[in-house]
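**Student:** Give me coordinates for this.
(one chain, ligands or ions: 1)
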Amino acid sequence: MKREAISGKNLSLGYQKGNDKKTILEGLNFSLQSGELTCLLGPNGVGKSTLVKAILGEIKPFKGEITIGGKTNSDFSNAELAKELAVVLTEPILPGNMTVSQLVALGRIPYTNWTGKLNQLDREKVNQALAATKITYLKDERLSEISDGQRQKAMIARALAQDGKVMILDEPTAHLDLVNRYEIMHLLREICVNEEKAILVVTHDLEIALETADQFWLLNCGTPLIAGLPEDLVISGQINELLPGKEFHFDPEKGKIQKTSDLPAWNISGDKNLTYWIQKAFSKKNIGLLDNLIEVKNEPFQILFEGKTFLSLEEFFKFLGSRKS
Ligand SMILES: Nc1ncnc2c1ncn2[C@@H]1O[C@H](COP(=O)(O)OP(=O)(O)OP(=O)(O)O)[C@@H](O)[C@H]1O
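**Tutor:** This next block holds a predicted model:
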């Protein structure tokens, strides 16, 4: 069931040095729901980390209020906050000789006394977190001897062992390859649903966020936070708020950002998908209008042009080049 985990009302956020007040975000409202994966997207420097810092109580709002489970975040002690909210930040500094299960056990610090000694429940929570992130098989491996993707999963497991209702992750997929990026985001979605957590992910990975997020929060300079189902934001065109200017746009058909350009109306006939990739290659090579029809065939791929057959775009471009010279 959906429940509000964190809310922000009429927030004004920024930084103050002496009397010098720098406002970064103004009139900001949000509601983070449990059981949902929310992705916060926006250009560099717009204030995503500033919003996260405010949620974590690291900066105090100039105006407005942030509540966690109905209670103002500044009323929480650090220890209380750690039981509500777990954070995975970019590039943590970790001792390489620490094992994966030792790292995950750090998530239990808010519950153990200063000795860090785990009781039965702590050990169960560590094992559950390892299982939920599918890295039980790595538990005795050293952090310096596992891959970046595996280390990121271990960091997520540590946050999970903390057993808060909310998880916040700052660019958890940065530096990972495509498969790992998908895996991590799908894993987070699974955790949201299975463990009833509210998860907020700060990301620049629009395409993967579109595949996995339940909610999008879009931040752009000077506009209020736009929240909604990713698909609604695509349909309404509001997704373009992420892209300043007219140089790029979001192509709903392809599900990705494209360069906006006035392409020549090449006369291409054939499969729509093939035509799309051919136009892309033509545009990169600055191919102007051609006098004759370009016919495209599939299985095997063939380009028929002026009575000749080409089996690849590379062959075709060579021909066009030789024709010019
Ligand atoms: N400690 C600080 N003191 C003063 N200004 C700051 C401080 N930290 C960040 N800023 C400013 O706040 C603005 C927003 O920065 P923030 O880090 O929140 O952006 P961001 O959206 O997270 O960017 P990115 O995508 O690059 O991580 C920037 O103009 C930045 O210079």
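
**Student:** Could you use CA atoms for every contact and neighbour count after this?
**Tutor:** Fine.

**Student:** now residue 7, nearest residue through space, not along the chain?
**Tutor:** For residue 7, ignoring the flanking residues on the chain, the nearest one in space by CA to CA, 6 or more residues apart in numbering is residue 31 at 4.4 Å.

**Student:** Would you mind naming the helix or strand containing the one you found?
**Tutor:** Using DSSP states H and E, residue 31 sits within strand 20-33.

**Student:** same deal with residue 217?
**Tutor:** strand 215-218.

**Student:** List the pairing partners of that strand within its sheet, with orientation.
**Tutor:** Here strand 215-218 has these sheet partners by DSSP bridges: strand 37-41 (parallel), strand 226-228 (antiparallel).

**Student:** Just give the number of residues close to residue 221.
**Tutor:** Neighbourhood size, residue 221 [other CA atoms under 10 Å]: 16.

**Student:** before we move on, which element is it in?
**Tutor:** Secondary structure assignment for residue 221, by DSSP H and E: no helix or strand.

**Student:** Same question for residue 283.
**Tutor:** helix 272-284.

**Student:** Could you pull up the mean pLDDT of that helix?
**Tutor:** If you average the pLDDT over helix 272-284, you get 89.

**Student:** which parts of it are buried?
**Tutor:** Neighbour counts over helix 272-284 (16 or more other CA atoms under 10 Å) mark 274, 275, 278, 279, 282 as buried.

**Student:** contact partners of it?
**Tutor:** Helix 272-284 is contacted from outside by 263, 268, 269, 296, 313, using CA atoms under 8 Å, 6 or more residues apart in numbering.

**Student:** Could I get the CA-only coordinates of it as CSV?
**Tutor:** Extracted C-alpha coordinates of helix 272-284, given in CSV (Å, rounded to 0.1, in the frame of the first residue of the first chain):
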residue,chain,number,x,y,z
LYS,A,272,10.7,1.9,-40.7
ASN,A,273,13.3,0.7,-38.2
LEU,A,274,16.0,0.3,-40.8
THR,A,275,15.1,3.7,-42.3
TYR,A,276,15.6,5.3,-38.8
TRP,A,277,19.1,3.9,-38.5
ILE,A,278,20.0,4.9,-42.0
GLN,A,279,18.8,8.4,-41.5
LYS,A,280,20.9,8.5,-38.3
ALA,A,281,24.1,7.5,-40.2
PHE,A,282,23.3,9.9,-43.1
SER,A,283,22.9,12.7,-40.6
LYS,A,284,26.3,12.0,-39.0
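
**Student:** moving C-terminal of it, what's the next helix or strand?
**Tutor:** Scanning forward in sequence from helix 272-284 by DSSP H and E, the next helix or strand is strand 294-297.

**Student:** So residue 16 versus residue 22, what's the distance?
**Tutor:** For residue 16, the distance to residue 22 equals 6 Å [CA to CA, to the nearest Å].

**Student:** Let me see the contact set for residue 180.
**Tutor:** Taking CA under 8 Å, 6+ apart, one finds 149, 173 in contact with residue 180.

**Student:** switch the cut-off to 6 Å
**Tutor:** Applying CA atoms under 6 Å, 6 or more residues apart in numbering, we find residue 180 in contact with residue 149.

**Student:** That one: helix or strand, and which one exactly?
**Tutor:** With DSSP H and E as criterion, residue 180 is part of helix 178-195.

**Student:** Hey, what's the angle from that helix to strand 20-33? Just curious.
**Tutor:** 60 degrees (axes from the mean of the first three to the mean of the last three CA atoms, to 10 degrees).

**Student:** buried stuff in helix 178-195?
**Tutor:** Across helix 178-195, burial judged by 16+ other CA under 10 Å covers 180-192.

**Student:** that's a helix at residue 151, yeah?
**Tutor:** Yes: looking at residue 151 with DSSP: H, G, I helix; E, B strand; the rest coil, it is inside a helix.

**Student:** residues from the protein in reach of the ligand?
**Tutor:** Contact residues, the chain versus the ligand (CA under 6 Å from any ligand atom): 15, 24, 43, 44, 45, 46, 47, 48, 49, 50.

**Student:** Before I go, just wanted to say thanks for your time.
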